[in-house]
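> The following block contains a protein sequence and its predicted model.
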Amino acid sequence: MKFDVLTLFPELFDAVLGESIIGRARQNNIIQINTVNIRDFSLNKHRKVDDYPYGGGGGMVMMAQPICDAYLSIAEKLSYKPRVVYLSPQGRVLNQEIVKELSTEEHLILLCGHYEGIDERVIEEIVDDEISIGDYVLTGGELPAMVLIDSVSRLIPGVLSSEESYSQESHYEGLLEYPQYTRPYEFSERKVPGVLMSGHHENINRWRRQQSLKRTYLKRPDMFERLSLNEADRKLLEEALKENEE
Ligand SMILES: Nc1nonc1C(=O)N1CCN(Cc2ccccn2)CC1
């Protein structure tokens, strides 16, 4: 999978996406991440990329021409129109379902805005999706782009080794992850739950499923109400909640 990122701050990406799982996937060429500096496409001798908003008001707006020319520098070489995602507070809020949808694309172009936004004609001309990473105001689209790249890349085959497999992580199949423990057995007078020391894998899996159901029910009722539980899951949860009351 290939990501092309149109940004005013390309240097921000290498530090964050050069390390760990994503860095390894780039080295193994499982994913490619390329940044394009929008400022390189300014026609202004001062490399200007923003201007005052028509109609007045505070702040600056990113001009359409440098963005569209940065886009064309990629798209004109392609025989297909790559999907263009604009990271914006006005977009649909990213969740694992959208991450899964985006992971089926071979090539994504991510557009990072700054200032008060971008000229609306860019959105009309080249943007396919507007995606937000949450209802709070950031400085620019770079952090949202990194969040999107990280979450989508983790679903690309070969990016995660089997040990890192995402199948038991939070939000996979709509459940929160069960509690995790590692050595030492006792820490601050707190011991590891006995079932995890039993070596009885069926009981361990049962306990983990029960903990995921209980956590999702207690911590994220919004997620829980979207679940359709089978009878076994319902019984597991009921048992766990009864233990909570005792
Ligand atoms: N939350 C978020 N999830 O994605 N992006 C954000 C986010 O806050 N930002 C800050 C403003 N930037 C520029 C901007 C301003 C107004 C309208 C459109 N674009 C985009 C990125």
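On my side now, so go ahead. Residues are numbered from 1 along each chain as shown.

> so Leu241, which of the three states?
Following DSSP: H, G, I helix; E, B strand; the rest coil, we place Leu241 in the helix state.

> Which elements pack onto the lengthiest strand in the chain?
Secondary structure assigned by DSSP state E gives strand 83-93 as the longest strand of the chain. Counting by 3 or more CB pairs under 8 Å, 6 or more residues apart in numbering; DSSP states H and E, the packing neighbours recorded for strand 83-93 are strand 107-112, helix 120-126, strand 129-132, helix 142-153. C-beta here means a position set from N, CA and C on the backbone, and glycine is covered the same way.

> Does the lowest-mean-pLDDT helix or strand in the chain reach the ligand?
One helix or strand of the chain scores below all others by mean pLDDT, DSSP states H and E: helix 11-17, with a mean of 92. No. Using CB under 6 Å from any ligand atom, helix 11-17 stays clear of the ligand, coming no nearer than 13.1 Å.

> Give me the phi and psi for Glu177.
phi -70, psi 150 (degrees, to the nearest 10).

> Let me know which of the helices and strands packed on strand 83-93 is tucked in deepest.
Comparing the helices and strands packed on strand 83-93 by mean neighbour count (mean count of other CB atoms under 10 Å), strand 107-112 ranks first with a mean of 24.

> in terms of contact, does Ala70 touch Ser42 like I think?
No. Using CB atoms under 8 Å as the test, Ala70 is too far from Ser42 to be in contact (9.7 Å).

> quick one, which of the two is more surrounded?
Ala70 (24 against 18; other CB atoms under 10 Å).

> what's that one in contact with, if anything?
By CB atoms under 8 Å, 6 or more residues apart in numbering, the contact list for Ala70 reads Leu6, Val36, Asn37, Ile38, Asp40, Phe41.

> ok, of the residues you listed, which one's closest to Pro89?
Leu6 (17.8 Å; CB to CB).

> distance of the closest one from Arg234?
Note on Leu6: its distance to Arg234, by CB to CB, to the nearest Å, is 48 Å.

> Specify which residue of those two has the higher count of neighbours.
Leu6 (28 against 11).

> other SSEs contacting the top helix by length along the chain?
In the chain, taking DSSP state H as the definition, the longest helix is helix 201-219. Where contact means 3+ CB pairs under 8 Å, 6+ apart, helix 201-219 is packed against helix 194-197, helix 221-224, helix 231-245.

> Please parse the protein into its domains.
Following the TED database, the chain resolves into domains at 2-161, 169-243.

> looking at those, which is buried most?
Compared across the domains of the chain, domain 2-161 shows the largest average neighbour count, a mean of 16 (mean count of other CB under 10 Å).

> Run the chain-centre distance for that domain.
13 Å (CA atoms, centre = their mean, to the nearest Å).

> Chain neighbours aside, what residue packs nearest to Tyr52?
Of all residues not flanking Tyr52 in the chain, Met60 sits nearest, at 6.5 Å (CB to CB, 6 or more residues apart in numbering).

> mind checking the backbone torsions on the one you found?
Dihedral angles for Met60 - degrees, to the nearest 10 - are phi -120, psi 160.

> That one touches Glu116, doesn't it?
Yes. At 6.4 Å, Met60 and Glu116 qualify as touching, with contact defined as CB under 8 Å.

> anything in contact with each of these two?
With CB under 8 Å, 6+ apart, Met60 and Glu116 have common neighbours Pro53.

> and the protein, which of its residues are near the ligand?
Those residues of the chain that sit near the ligand, judged by CB under 6 Å from any ligand atom, are 87-90, 113-114, 116-117, 132-134, 136-138, 140-141, 144.

> What separation is there between the residue lying closest to Asp129 once chain neighbours are set aside and the ligand?
Nearest non-adjacent residue to Asp129, counting by CB to CB, 6+ apart: Val85, 4.8 Å away. Val85 sits 10 Å away from the ligand, going by CB to the nearest ligand atom, to the nearest Å.

> For Val85, give me its contacts.
Leu102, Leu108, Ile109, Leu110, Leu111, Val127, Asp128, Asp129, Glu130, Ile131, Leu148 are the contacts of Val85 under CB under 8 Å, 6+ apart.
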